[in-house]
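S.K.: fold the following, please.
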Amino acid sequence: MKKLSWKLAQGGLMVIFFLVLGLIISSGSGKRVYYATNISGATTLQAIHFETKYDNLKPELEVRSVANMDEVALYGPSSPVHFTGQMTAYGPDCEGCGGRVACPPRQDVRNNNIYFEDTDYGTVRILAADSRIPCGSIIKISNVTFSQEEIYGIVLDRGGAIRGNIIDFLVSSEANSYSIGRQRNVSFEIVRWGW
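M.R.: Numbering: from 1, shown residues only. Predicted coordinates:
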């Protein structure tokens, strides 16, 4: 009888031990760390939204209005930034374009493949931006003549003429870019800084 009650007590202690261990493991630290050494061959990337990266800061990060790309590069890594600029458009068949975007995962944008499926923001438009805005940045666009709603885009491309406060909007063909033309006083808000 003593052996049976000892075995039952041991079994009960083991069950309690594994339940506590499971709770400790499942709760974790609540923080995720991502490391990347070489993303040039990557086919997919996990996006890190900087608001969750800094979720220990309360209240929420305030959007900082900036005047130029130097200020975007200075403040963008630590808080959302807003600036006013110009928007142009381009197609994958433009002169000098090879049909793939410059940033990994180097998506082929021919055959009307002008959208990107982002883990956090869903289906977004592809944009070309100044190299001081890192690849993977999500930009909220408003005050354009061709849409009453805000447009979310992701920086996946660069361009020789895309410098400063100019964002280039990818459309299905170079012929379609003329309908957008050059939009002035466009509102840009970088809501995620890079991947």
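S.K.: output the below-cut-off pLDDT ranges for the protein.
M.R.: 1-13, 17-59 (pLDDT under 70).
S.K.: how is it partitioned into domains?
M.R.: 1-28, 52-192 (automatic domain parsing).
S.K.: check contacts around the spatially closest residue to residue 109 that is not a sequence neighbour.
M.R.: What sits nearest to residue 109 in space, not counting adjacent residues and going by C-beta to C-beta, 6 or more residues apart in numbering, is residue 92, at 4.3 Å. No exception for glycine: its C-beta is placed from N, CA and C like everyone else's. By C-beta atoms under 8 Å, 6 or more residues apart in numbering, residue 92 lies in contact with 99, 109, 110, 113, 114, 170, 172, 173.
S.K.: could you look over the domains of the chain and pick the most buried one?
M.R.: domain 52-192 (a mean of 17; mean count of other C-beta atoms under 10 Å).
S.K.: kindly list the main-chain dihedrals of residue 73?
M.R.: Here is the backbone geometry of residue 73 (degrees, to the nearest 10): phi -70, psi -30.
S.K.: hmm, I typed the wrong one, I wanted residue 187.
M.R.: phi -90, psi 120.
S.K.: wait, doesn't it sit right on residue 84?
M.R.: Yes: assessed by C-beta atoms under 8 Å, residue 187 is found in contact with residue 84 at 6.0 Å.
S.K.: return the distance of the residue nearest to residue 118 when sequence neighbours are not counted relative to residue 195.
M.R.: Of all residues not flanking residue 118 in the chain, residue 124 sits nearest, at 5.3 Å (C-beta to C-beta, 6+ apart). Distance, residue 124 to residue 195, by C-beta to C-beta, to the nearest Å: 13 Å.
S.K.: one more: residue 67?
M.R.: 26 Å.
S.K.: how about residue 69?
M.R.: Look at residue 69 and residue 195: by C-beta to C-beta, they are 20 Å apart.
S.K.: ok, residue 162 next?
M.R.: 19 Å.
S.K.: can you give me the strands for this structure?
M.R.: 64-65, 81-90, 115-118, 122-128, 138-142, 151-157, 166-170, 183-192 (DSSP state E).
S.K.: got the CA positions of the fourth one in PDB?
M.R.: Presented in PDB, the C-alpha positions along strand 122-128 are these (Å, rounded to 0.1, in the frame of the first residue of the first chain):
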ATOM      1  CA  GLY A 122      -1.600  42.400 -46.800                       C
ATOM      2  CA  THR A 123      -1.800  43.300 -50.400                       C
ATOM      3  CA  VAL A 124       0.200  46.600 -51.000                       C
ATOM      4  CA  ARG A 125       1.500  48.400 -54.100                       C
ATOM      5  CA  ILE A 126       5.100  48.400 -55.000                       C
ATOM      6  CA  LEU A 127       7.100  51.600 -54.800                       C
ATOM      7  CA  ALA A 128      10.500  52.900 -55.700                       C
END
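S.K.: contact partners for residue 181?
M.R.: For residue 181, the contacting residues are 88, 89, by C-beta under 8 Å, 6+ apart.
S.K.: show me the helices in this protein, by range?
M.R.: For the chain, applying DSSP state H gives helices covering 2-27, 50-53, 69-75, 174-177.
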